[in-house]
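Engineer: no FASTA, just this:
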């Protein structure tokens, strides 16, 4: 920049004296740095003296000097005796951020990111997200949300206050690696009696929910190219996790007996891992038959494969007594089972605590992997949860929720029959926290989900979870947090959404799941 250009510098600098985002000298520092990096102040250009610039900008000289000092400390400018302050030599010109962005209507579109190959696979395998409910409240018929209004919050608050009153310093300390020891002991005692799991405390490792457990197992046990059995309509984030480590996810059909083990062996007999939900498999909430369970254990035993038993809502079985865990069966293959649980479904999602019951040979490496991932979960929450379990509150809460959820499923089925008729055929699920409704042929479940979201109803399309090409169309409906009045209103809106799609009133170019209508409209304008 010439001397004449430098004299115009004050006009190029924008200083907002009322801004709340930092001191004035920081604003001046950022403005001058941008001028240097974007080439408007060239190497060797002389900057105005501090008194001159202070007068031109109406700032104090101390503000100018503070900004100059910071620029000098970072190497952007140099001061010379008798030569004033100049832009340092050797600073490469950087293209301004605005030149790297494009506009799509009113939206700034950032340049594409060079994601790793495995990262791209992970994101792609997660699929387009369904319309989501706001995180601060549950909207019918969002999945996986427990009945938070019926959680014994007064007991939880009392236990929390007592912990901080009696052992405050312990709440501030790190735990012992695998997790808070009293919590691991309480979990071991509970799963042995309630789920017939075979374990001791030293086989339990606390995780930040079941999803982290799957992630750590994938990192430890799966190599790129390994095949992994996944239930056809199972948990989408798990599919993404295995894609992220380079595994080949094999979608295995699920029928009235659960995972089709014989079919899985025809597809990929040498798979490294099988992720299963024996207590409650999607999409029908079915329980894996004993015949299939034993066949799965035999496969793992003969092939030295691993089974991840995701028992995310095993207690919520409404027909008879909850069945024993796969891990506890009398079979040599049970030693190849990793048992996972989360408290997000049974208690509340914000808790973000779960656990893995591991074969002894995996405990140390899994504990080290957990330490690398995020060291450990908050000690205070672990301590309160331990007290909640030991005091019998957890078992009592599960019993209460099992009764409540069974009643709410019956209410949903009765109301849906009247409100929807043949437009959505919903059958009772013997377990779990959601039901599946089947749509008539020719009606797109994804379009229904979009139309329903416009009407304040959240449903998840069956086709969104399919791993293999299929003409199956349906909607998953969660029911556990919703009373009869709320369910009735939501079903009326869902019926209208199905009718709109069936009659073809929706736009032919209705946006895919998760895409806003304004974004789609701007794309159409750009194509035109």
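Structural biologist: That came through fine. Computed from a prediction, not measured in an experiment: that's the story for all the values here. Residues are numbered from 1 along each chain as shown.
Engineer: what's near enough to touch the closest residue to residue 434 other than its chain neighbours?
Structural biologist: Nearest residue to residue 434, sequence neighbours excluded (CB to CB, 6 or more residues apart in numbering): residue 478, at 4.7 Å. Any C-beta I mention is one placed from the backbone N, CA and C, and that applies to glycine too. Residue 478 makes contact with 140, 141, 142, 143, 144, 145, 433, 434, according to CB atoms under 8 Å, 6 or more residues apart in numbering.
Engineer: got the confidence number for residue 478?
Structural biologist: On pLDDT, residue 478 comes in at 95.
Engineer: out of the contacts of residue 478, grab the one that's most surrounded.
Structural biologist: Among those, residue 141 has the most neighbours (other CB atoms under 10 Å), with 29 neighbours.
Engineer: okay if I get the contacts of residue 478 as JSON lines plus pLDDT?
Structural biologist: Formatted as JSON lines, the contacts of residue 478 follow (pLDDT from 0 to 100):
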{"residue": "140", "pLDDT": "94"}
{"residue": "141", "pLDDT": "95"}
{"residue": "142", "pLDDT": "93"}
{"residue": "143", "pLDDT": "91"}
{"residue": "144", "pLDDT": "89"}
{"residue": "145", "pLDDT": "92"}
{"residue": "433", "pLDDT": "94"}
{"residue": "434", "pLDDT": "94"}
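Engineer: how much space between the residue nearest to residue 434 and residue 90?
Structural biologist: Residue 478 sits at a distance of 60 Å from residue 90 (criterion: CB to CB, to the nearest Å).
Engineer: one more: residue 166?
Structural biologist: Residue 166 is 62 Å from residue 90, by CB to CB.
Engineer: more crowded one of the two?
Structural biologist: residue 166 (9 against 6).
Engineer: low-confidence stretches in this protein?
Structural biologist: 1-12, 18-22, 95-113, 127-137, 505-528 (pLDDT under 70).
Engineer: care to break it down by domain?
Structural biologist: 3-87, 127-144+397-527, 151-315+323-392 (automatic domain parsing).
Engineer: tabulate the ones you listed (a markdown table), appending distance to residue 116.
Structural biologist: Formatted as a markdown table, the domains of the chain follow (distance: least, CB to CB, whole Å):
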| stretch | distance to residue 116 |
| --- | --- |
| domain 3-87 | 28 |
| domain 127-144+397-527 | 19 |
| domain 151-315+323-392 | 9 |
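Engineer: could you look over these and pick the most buried one?
Structural biologist: domain 151-315+323-392 (a mean of 19; mean count of other CB atoms under 10 Å).
Engineer: so what's the gap between it and the chain middle?
Structural biologist: Domain 151-315+323-392 sits 16 Å away from the centroid of its parent chain (CA atoms, centre = their mean, to the nearest Å).
Engineer: please apply the same query to stretch 463-481.
Structural biologist: Counting by CA atoms, centre = their mean, stretch 463-481 is centred 18 Å from the centre of its parent chain.
Engineer: cool, stretch 386-398 as well?
Structural biologist: Relative to its parent chain, stretch 386-398 has a centroid offset of 27 Å by CA atoms, centre = their mean.
Engineer: so who does the residue nearest to residue 344 when sequence neighbours are not counted touch?
Structural biologist: With sequence-adjacent residues excluded and distances taken as CB to CB, 6+ apart, residue 344 is closest to residue 209, at 5.6 Å. The neighbours of residue 209, taking CB under 8 Å, 6+ apart as the test, are 342, 343, 344, 352, 353, 354.
Engineer: hmm, 7 Å instead?
Structural biologist: 342, 344, 352, 353, 354 (CB atoms under 7 Å, 6 or more residues apart in numbering).
Engineer: what do you get for residue 200?
Structural biologist: Contact analysis of residue 200 by CB under 7 Å, 6+ apart lists residue 188.
Engineer: what about the most centrally placed residue in the chain, which helix or strand?
Structural biologist: The residue lying closest to the centre of the chain (CA atoms, centre = their mean) is residue 237, at 7.2 Å. Take DSSP states H and E as the rule and residue 237 turns out to sit in helix 236-244.
Engineer: which strands or helices does that helix pack on?
Structural biologist: helix 117-126, helix 210-221, strand 227-231, strand 248-252 (3 or more CB pairs under 7 Å, 6 or more residues apart in numbering; DSSP states H and E).
Engineer: 8 Å instead?
Structural biologist: Secondary-structure packing of helix 236-244 (3 or more CB pairs under 8 Å, 6 or more residues apart in numbering; DSSP states H and E): helix 117-126, helix 210-221, strand 227-231, strand 248-252, strand 273-276.
Engineer: just checking, what packs against the fourth one?
Structural biologist: Here strand 248-252 touches strand 227-231, helix 236-244, helix 261-268, going by 3+ CB pairs under 8 Å, 6+ apart.
Engineer: what do you get if the cut-off is 6 Å, keeping everything else the same?
Structural biologist: Judged by 3 or more CB pairs under 6 Å, 6 or more residues apart in numbering; DSSP states H and E, strand 248-252 is in contact with strand 227-231, helix 261-268.
Engineer: now the element after it, going C-ward?
Structural biologist: Counting by DSSP H and E, what follows strand 248-252 is strand 254-255.
Engineer: and for the last one?
Structural biologist: Note on strand 273-276: by DSSP H and E, the next helix or strand toward the C-terminus is helix 290-303.
Engineer: helix or strand right after that following helix?
Structural biologist: Per DSSP H and E, helix 290-303 leads on to strand 306-310 as the next helix or strand towards the C-terminus.
Engineer: against which helices or strands is that following strand packed?
Structural biologist: Partner elements for strand 306-310 (3+ CB pairs under 6 Å, 6+ apart): strand 273-276, strand 337-342.
Engineer: among those strands, which is nearest residue 185?
Structural biologist: Closest to residue 185 of those, according to CB to CB: strand 337-342, at 15.4 Å.
Engineer: tell me the strands beside the helix or strand just after the closest one, with direction?
Structural biologist: Sequence order places strand 354-357 as the next helix or strand after strand 337-342, per DSSP H and E. Paired with strand 354-357 in the same sheet, following DSSP bridges, are strand 204-207 (antiparallel), strand 337-342 (antiparallel).
Engineer: what's in contact with the last one?
Structural biologist: Read it as strand 337-342. The contact list for strand 337-342 (CB atoms under 6 Å, 6 or more residues apart in numbering) reads 197, 209-210, 213, 307-312, 326-327, 354-358.
Engineer: one more time with 7 Å, if that's ok
Structural biologist: In contact with strand 337-342 (CB under 7 Å, 6+ apart) are residues 197, 209-210, 213-214, 217, 306-312, 325-327, 354-358.
Engineer: again, but for stretch 295-314
Structural biologist: With CB under 7 Å, 6+ apart as the criterion, stretch 295-314 contacts 195, 210, 214, 217, 221, 259, 261, 265, 270-280, 322, 325-327, 329, 331-334, 336-342, 345, 432-433.
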